[in-house]
Each structure stands twice: as structure tokens, then as C-alpha cells.
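Participant: Compute the structure for the input listed below.
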Amino acid sequence: MAVVRTGTVSRAAETLNVTPPAISLQMRQLEDAAGMPLVERTDDGLRPTDGGREILTATTRIQAALFECGEALEALRGVDGGRVSVGIVSTAKYFAPRALAAFAKRHPNVEMRLQIGNREETILALRNYDLDFAIMGRPPNDFEVDNSVIGDHPHIIVAPPDHPLARRRRMTFADLAEETFLLREQGSGTRLLMQRLFSDAGLNPNLGMEIGSNETIKQAVMAGLGIALISAHTVSAEINDGRLIAFKVKGLPVVRRWFVVKRRQKRLLPAAKALWDFLATAGAEFLPGISTFATAAESVRRGKGKSAG
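Facilitator: Numbering: from 1, shown residues only. Okay, here's the model as predicted:
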């Protein structure tokens, strides 16, 4: 692992506080045991072969198992603490930190490590056993997982309050076919949902800028650069105070769900199991409240009233 991470035998030796010949000897013995080369030289340094990647995958799982063993032994000794690694898809950052903070108040000795990324990045971390579990939308289906529902997750289309369609009380996806849609990056669950909705409607939306964060999408919509399909939980504040409106589109909101998800083979130790149970039973309490999915016209009036005041 050190050789692959650093790219050279000498830097791996420095990292591990041993001599380069000792590293070279261990590498030869490991390759003899595997019966094939495990690294190859490239312009960027030593890189794993297919066989090397298999060894690295096994090593990662071994390290995780040893860490779990240590945590389990601490739990058996009655230690009040432990560590939990939690993945959070970027859209969930609008409620997950508050839920985790509430848990931390109850269990101050539990150390939490958070990893925030898009859907693709979070699934990869789950697959590689880098996380105890993740807070995300639709669970992956290409490897076995366990999941528990946190609560509902509505998706809506938002626009600035002065949009020409703002006063329409009801519309269809076809009415929006000429609008410019801002979209998240490749690998985003929200982007996949938007593509599916328009595909099911037999439409090809006009795609505007690709934007890598919900915060930037909100600002771009408010600036008039386009409209966007987005998680209602990410725009609750802006809708409630009239800076954005939610279009009343037939078929919306699309209500998905938030889940806690883990690899089926991943054994949760006491701290992680306590946090899992807390999110499954109380996590819905921390979902953002949206006071209205009322007509866009009502949102416009509310926004004007605030600006006038």
C-alpha cells in the first residue's frame, strides 16, 4: 500500500521508517507468493497491476476488520466512545449535520468522521468499506446493502419570483420544454432524476450550465440564468422567504426517500449501530420544513411584501 500510495520504493521506505532494501525484499516475497507482478513502472511512478489491485482491496478489508476488532474489544471493556465514519451525499448536508450534532450531544465521546460527496463518490466509498454507512437517497443496486428509511425527500422545480411563468397555477413538463435547465454534475442523483423525468415525458430539455453544487445552482436560478429541478430540502429557506418559487408542475413534487445505507457485509460496532438507530428513528425530525408548495403567485406576493418592508 505504501509503495502504491507514494509511487516509489524509497518514499515508501521513508513513510514506514525502514530501509529501501527491506521494502524491495518484502515486495519480491509478496510477488512470489502471488505468482505474478503486483506493480509496474510508469512515468508517474509505480502503479498496481490487476493483481496488485486485488491485493490492495484485500488489504483494505483486512485493515477494516482489524479496526472493527479493536473497537469491539473496547466496547467489551465498557469503553464509552468509539468512532463512526459516515458518508453524506451533498444534498443531505442541509439536514444531516443537525441530526449528527443532536446525536453527538447525547454521546459526546463518540468520534465522527464525515465524508461529503455526490452520489457516485459516496457509493464508491461504501463499496470500498471506507464508511460505516451513508446518508443518501436511492440505495445502490450493484452490491448487497442494508438500509433503513429516514424520511421523505421531495424534488421540485424552482425559478426566480419574476419568471414569466411565475403566476401559472398549473403546468406540465411540456410547458417547460423551452426553458433552460441548470443541472448538477455527472454522478449526481438529482441530475439522474431530471433526465429520467424528461425522458419519461418524451422531452429533451434545454440544458444550461453544469454546476457542481446546490448552493451555486440556487444562486444561478435567483440570478435568472435558468430554472432547476432540485431537492426541496435544499431550497426551503429561499422558498419560505420568497427568494425562489416552486413551479406547480403536474407530477411534482417527486417524493423520494432518505436512507441510511451500509454494505451488508459491514458489521456495525456499538457506536455506529447507535447512530444508525438514532437516524432511523429520529432522523425525520431534522428534515427541513417547507411552509408552502403553494402557487407561485403566492410566493411572488410574499417576496414583494418582504422587499417592500
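Participant: contacts, neighbours, all on C-alpha from now
Facilitator: Will do.
Participant: Where does Ile157 sit: helix, strand or coil?
Facilitator: Under the three-state scheme (DSSP: H, G, I helix; E, B strand; the rest coil), Ile157 adopts strand.
Participant: now do the one 4 residues further on
Facilitator: When the structure is split into helix, strand and coil by three-state DSSP, Pro161 lands in coil.
Participant: For it, grab the count of nearby residues.
Facilitator: By the other C-alpha atoms under 10 Å criterion, the neighbourhood of Pro161 contains 27 residues.
Participant: Does it touch Leu244 like I think?
Facilitator: Yes: with contacts counted by C-alpha atoms under 8 Å, Pro161 reaches Leu244, the gap being 5.7 Å.
Participant: can you give me the strands for the stretch 201-309 of the chain?
Facilitator: 206-211, 228-231, 245-246, 254-263 (DSSP state E, counting those that start in this stretch).
Participant: how does this protein divide into domains?
Facilitator: In the domain annotation for the chain, the residue ranges read 1-78, 154-256+290-308 (automatic domain parsing).
Participant: picking up where we left off before, and the strands of the stretch 201-309 of the chain: which comes nearest Ala58?
Facilitator: Taking C-alpha to C-alpha as the measure, the strands of the stretch 201-309 of the chain were each checked against Ala58, and strand 254-263 came out nearest at 15.7 Å.
Participant: Compute the first-to-last residue distance for stretch 179-198.
Facilitator: The distance separating the two terminal residues of stretch 179-198, taken as C-alpha to C-alpha, to the nearest Å, comes to 13 Å.
Participant: Identify each buried residue in that stretch, please.
Facilitator: The neighbour-count check on stretch 179-198 (16 or more other C-alpha atoms under 10 Å) flags 180-185, 188-191, 194 as buried.
Participant: just to revisit the earlier point, just tell me which of the domains of the chain ends up closest to Ile116.
Facilitator: Closest to Ile116 of the domains of the chain is domain 154-256+290-308 (C-alpha to C-alpha; 11.7 Å).
Participant: Next, count neighbours for Phe259.
Facilitator: By the measure other C-alpha under 10 Å, the count of residues near Phe259 is 24.
Participant: Check whether it really touches Met136, as I assumed.
Facilitator: Yes: Phe259 is within contact range of Met136, at 5.5 Å (criterion: C-alpha under 8 Å).
Participant: can you tell me how far Pro139 sits from Gly189?
Facilitator: On the measure of C-alpha to C-alpha, Pro139 and Gly189 end up 11 Å apart.
Participant: now do Gly7
Facilitator: In this view, Gly7 and Gly189 are 34 Å apart by C-alpha to C-alpha.
Participant: and whichever strand or helix holds Leu30, what's its mean pLDDT?
Facilitator: Taking DSSP states H and E as the criterion, Leu30 maps to helix 20-34. The average of the pLDDT scores along helix 20-34 is 93.
Participant: Check the offset of it from the chain's centre.
Facilitator: Averaging C-alpha coordinates over helix 20-34 and over its chain gives two centres that are 38 Å apart (C-alpha atoms, centre = their mean, to the nearest Å).
Participant: Could you do stretch 209-229 as well?
Facilitator: With C-alpha atoms, centre = their mean as the basis, the mean position of stretch 209-229 lies at 19 Å from the chain mean.
Participant: ok, back up a step: so which of the domains of the chain is the most packed in?
Facilitator: With neighbours defined by mean count of other C-alpha atoms under 10 Å, none of the domains of the chain is more surrounded on average than domain 154-256+290-308, at a mean of 18.
Participant: which ones are touching the nearest residue to Lys248 once chain neighbours are set aside?
Facilitator: What sits nearest to Lys248 in space, not counting adjacent residues and going by C-alpha to C-alpha, 6 or more residues apart in numbering, is Arg170, at 5.1 Å. Applying C-alpha atoms under 8 Å, 6 or more residues apart in numbering, one finds that Arg170 lies in contact with 247-250.
Participant: where do the helices sit along the stretch 51-200 of the chain?
Facilitator: Taking DSSP state H, counting those that start in this stretch as the criterion, the stretch 51-200 of the chain contains helices spanning 96-106, 119-127, 189-200.
Participant: Quick one: closest of those to Met1.
Facilitator: The closest of the helices of the stretch 51-200 of the chain to Met1 is helix 119-127. By C-alpha to C-alpha, the value is 17.4 Å.
Participant: List the buried residues in that closest one.
Facilitator: In helix 119-127, the ones that count as buried by 16+ other C-alpha under 10 Å are 119, 121-123, 125-127.
Participant: Understood, closing this out.
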